[in-house]
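1. Okay, here's the prediction I keep looking at, along with the sequence it came from:
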Amino acid sequence: MAGTESRRTSRGGAAGGRGRHESAVDAVVHQIRELISGTGLKVGDSLPTERDLCSQFSASRNTVREAMRILKAYGLVDVRPKIGATITDNRMSRAFELFSFNTMEISLKTFTDVQAFRSLIEVGSADDFIDRLRPEDLDDLRAINARLAENNDLSEASEIDYDFHERLVGILDNDAIRDVYAVMKPVILRIMQNGKTRRTFMTETFSEHDGVIEALAARDRLAFQYRLRSHLMFGFRHFTDELDKTG
């Protein structure tokens with residue numbers, strides 16, 4: 001059976017002509033993904049049984065099982081004994097885990113690249129923020145910022161700082177931006193802690209956030225952009241200080 005599947009796939013039959021060298025397992029992975037999208041299956045829905053998938057795709061049980069292992073590794077399905085496979089969506093958490101492996105140290109380049117990207121999103125969206133702004137957005141931002149004035153440790157303070165910016169970009173109501181920020185969160189948190197102390201969050205970060213909120217409330221685009229850009233580049237001073245010490 002496995003030899004038949006490999007020959008059929010290399011001819012482009014069952015795999016829909018996706019590639020002459022695509023394996024039987026790759027073909028079944030593709031077919032299951034097409035099944036999910038083509039039949040409108042949603043998160044929480046069950047996939048057909050292993051036996052049904054074998055019959056539907058003319059594949060061996062080992063091929064289907066290997067395909068399911070791959071889909072599980074991608075975070076697209078969850079496979080449990082006696083329950084079978086259900087649709088899930090852990091792709092962002094998988095990406096989060098992979099991304100976090102490379103976040104132990106924050107270099108000047110990493111800082112500059114990430115903050116420049118955030119500036120494109122946050123500072124560059126000033127007009128959209130002002131157009132979409134609602135009173136409850138300002139209330140939420142003020143409530144989050146008020147938590148910074150409390151006696152938080154460095155880790156908790158950086159989480160609150162992140163919550164502030166996550167709520168800010170939430171005004172844009174763009175799921176793709178939220179997802180990207182979720183993936184980048186480990187690096188963003190380390191950047192927020194870079195060169196800061198608990199007192200820095202309670203004073204300078206709190207004050208910078210407050211200025212951003214007031215500019216937003218006044219619908220002053222230029223003031224909003226200036227204050228937010230200055231806030232995002234705060235940690236750059238730390239790298240400058242480090243360079244001066246070693247120079």
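-> Sure thing, it's come through.

2. Least confident secondary structure element in this protein?
-> Each helix and strand of the chain was given a mean pLDDT (mean pLDDT, DSSP states H and E); the minimum falls on helix 2-11 at a mean of 43.

3. State the next helix or strand along the chain beyond that one.
-> As assigned by DSSP states H and E, the chain's next helix or strand after helix 2-11 is helix 24-38.

4. list the helices and strands that following helix packs on?
-> Helices and strands touching helix 24-38, by 3 or more Cβ pairs under 8 Å, 6 or more residues apart in numbering; DSSP states H and E, are helix 2-11, helix 50-57, helix 61-73. For every residue, glycine as well, the C-beta is placed using N, CA and C.

5. Pop the domain breakdown of the chain in here.
-> 2-89, 95-246 (automatic domain parsing).

6. Need those in TSV (columns: mean neighbour count).
-> As requested, these are exported to TSV (neighbours: other Cβ atoms under 10 Å):
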stretch	mean neighbour count
domain 2-89	16
domain 95-246	16
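
7. any idea which of those domains scores lowest on pLDDT?
-> Per-stretch mean pLDDT for those is lowest at domain 2-89 (a mean of 76).

8. Please state the offset of that domain from the chain centre?
-> 26 Å (Cα atoms, centre = their mean, to the nearest Å).

9. How about stretch 160-180?
-> How far stretch 160-180 lies from its chain's middle: 10 Å, per Cα atoms, centre = their mean.

10. Let me see the ranges of the helices in this structure.
-> Ranges of helices within the chain are 2-11, 24-38, 50-57, 61-73, 91-100, 108-122, 126-132, 135-148, 154-170, 175-193, 198-200, 206-217, 221-232, 236-246, based on DSSP state H.

11. by how many degrees do the second one and helix 50-57 diverge?
-> For helix 24-38 against helix 50-57, the angle by axes from the mean of the first three to the mean of the last three Cα atoms, to 10 degrees is 100 degrees.

12. Could you tell me the angle between helix 24-38 and helix 61-73?
-> Per the same axes, to 10 degrees, the angle that helix 24-38 makes with helix 61-73 is 60 degrees.

13. Now helix 24-38 - C-alpha only, CSV.
-> Coordinates of each C-alpha in helix 24-38 appear next as CSV, following Å, rounded to 0.1, in the frame of the first residue of the first chain:
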residue,chain,number,x,y,z
ALA,A,24,2.4,10.2,0.7
VAL,A,25,2.4,11.7,4.2
ASP,A,26,2.7,15.3,2.8
ALA,A,27,-0.1,14.5,0.4
VAL,A,28,-2.4,13.4,3.2
VAL,A,29,-1.5,16.5,5.3
HIS,A,30,-2.5,18.7,2.4
GLN,A,31,-5.7,16.7,1.8
ILE,A,32,-6.7,17.0,5.5
ARG,A,33,-6.1,20.7,5.4
GLU,A,34,-8.2,21.0,2.3
LEU,A,35,-10.9,18.9,4.0
ILE,A,36,-10.9,21.3,7.0
SER,A,37,-11.2,24.4,4.8
GLY,A,38,-13.4,22.9,2.1
